[in-house]
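**Student:** turn this into a model:
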Amino acid sequence: GPAASATFSDPTGRAFEADGALLVLDRGSGRVRRVSTTGSVSTVALTGTLRGPYALAIASDGSWLVSDSDDSCIKRLVAGVVSTYAGLCGRSGTVDGDSATARFDRPRQIALDATGTLWVVDGNNHTLRRVAPDGSVTTHAGVATVPGFADAARPGSFYYPWGLALAADGVLVAGQDSCVRRVTDTRVDRLAGSCGNFGNTGIVDGAGSTA
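**Tutor:** Residues are numbered from 1 along each chain as shown. Sure, this is the predicted structure:
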C-alpha cells in the first residue's frame, strides 16, 4: 500500500532498479518488495521463494541475485521465477568449483563489480568468495572455517563477516569483530575500528586506528 501504511518484517538488502524503484528484501517474510518512486509498496516475489534473504544485487541483464543466507546459496530471480545461481540450496559447506559444486555457509552481503563478478562474504565460513560470470566460485580471502582478525598477507582471516562494499582500492569487509577490513590483491588489513576487541567495542570517532 502507500508508504505511510505499508509494513515490513526485518528488511535487510536493497537495490535500485533502472526506473528508480527501490527493491527491498523483507527477510522476516521471505519476500521481495518494491517501493515505487511515488512511495507505493508492493510485493514482487512471494514467500516460499526465499527462506532467509540477506542481500540483493541487480545484474546487467536485469535479473536479481539474492544471497539466501538461511538456504546457504545464491539465488537468481527473473520475473518472479527463482533458480539457483551458485551453491546447493539447503546444503551448507565451503567448496570451491563450478556453480553446482560450490558450497556456502550463510552467505551475507553481496556486490557485483564492473566485470559481472559477484563478491560474497560467506559468514559462517569466515571468507570472501568470488562468483565469476561463468558461475565458477573461488575463495579470494580468508581461511575457510578458521576465524581470525590479524593483519596479514592474503588470504588473511575474518571473523563472521557480514558487510561488503567495493572500493577503488580494494574490497571492504565488516564483521562481528567490530571493525572494517580492506582486502587488496596482496593483503588483508584493518581500515577502521579495533578488530577483535570484543570487550571494548564502542562508538568513538577519530582516526581509523582509534575509532
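**Student:** which secondary structure element of the protein has the lowest mean pLDDT?
**Tutor:** Taking mean pLDDT, DSSP states H and E as the measure, the chain has strand 41-45 as its least confident helix or strand, at a mean of 89.
**Student:** that one: what's the following helix or strand?
**Tutor:** The helix or strand immediately downstream of strand 41-45 is strand 53-58, counting by DSSP states H and E.
**Student:** give me the angle between that following strand and strand 41-45.
**Tutor:** If you take axes from the mean of the first three to the mean of the last three C-alpha atoms, to 10 degrees, strand 53-58 sits at 90 degrees to strand 41-45.
**Student:** how about strand 53-58: buried residues?
**Tutor:** Buried residues in strand 53-58, counting neighbours by 16 or more other C-beta atoms under 10 Å, are found at 53-57. All C-beta spots, glycine's among them, are computed from the backbone N, C-alpha and C.
**Student:** out of those residues, who's nearest residue 131?
**Tutor:** Distances from residue 131 to these, taken as C-beta to C-beta, are shortest for residue 57 (10.6 Å).
**Student:** residues in contact with the closest one?
**Tutor:** By C-beta atoms under 8 Å, 6 or more residues apart in numbering, the residues touching residue 57 are 15, 64-65, 110-112, 118.
**Student:** separation between it and residue 177?
**Tutor:** Residue 57 sits 25 Å away from residue 177, going by C-beta to C-beta, to the nearest Å.
**Student:** then residue 104?
**Tutor:** Separation of residue 104 from residue 177 (C-beta to C-beta) stands at 20 Å.
**Student:** centre of the chain to stretch 145-153, how far?
**Tutor:** Between the centre of stretch 145-153 and the centre of its chain there are 19 Å (C-alpha atoms, centre = their mean, to the nearest Å).
**Student:** span of that stretch from start to end?
**Tutor:** Stretch 145-153 has an end-to-end distance of 18 Å (criterion: C-alpha to C-alpha, to the nearest Å).
**Student:** now distance to residue 182 and secondary structure too, for the contacts of residue 57, in TSV please.
**Tutor:** Shown next, in TSV, are those (distance: C-beta to C-beta, whole Å; DSSP: H, G, I helix; E, B strand; the rest coil):
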residue	distance to residue 182	secondary structure
15	23	strand
64	28	strand
65	24	strand
110	18	strand
111	14	strand
112	19	strand
118	19	strand
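**Student:** of these, select the buried ones using a PyMOL command.
**Tutor:** Buried members of the contacts of residue 57, defined by 16+ other C-beta under 10 Å, are picked up in PyMOL with:
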select buried, resi 15+64+65+110+111+112+118
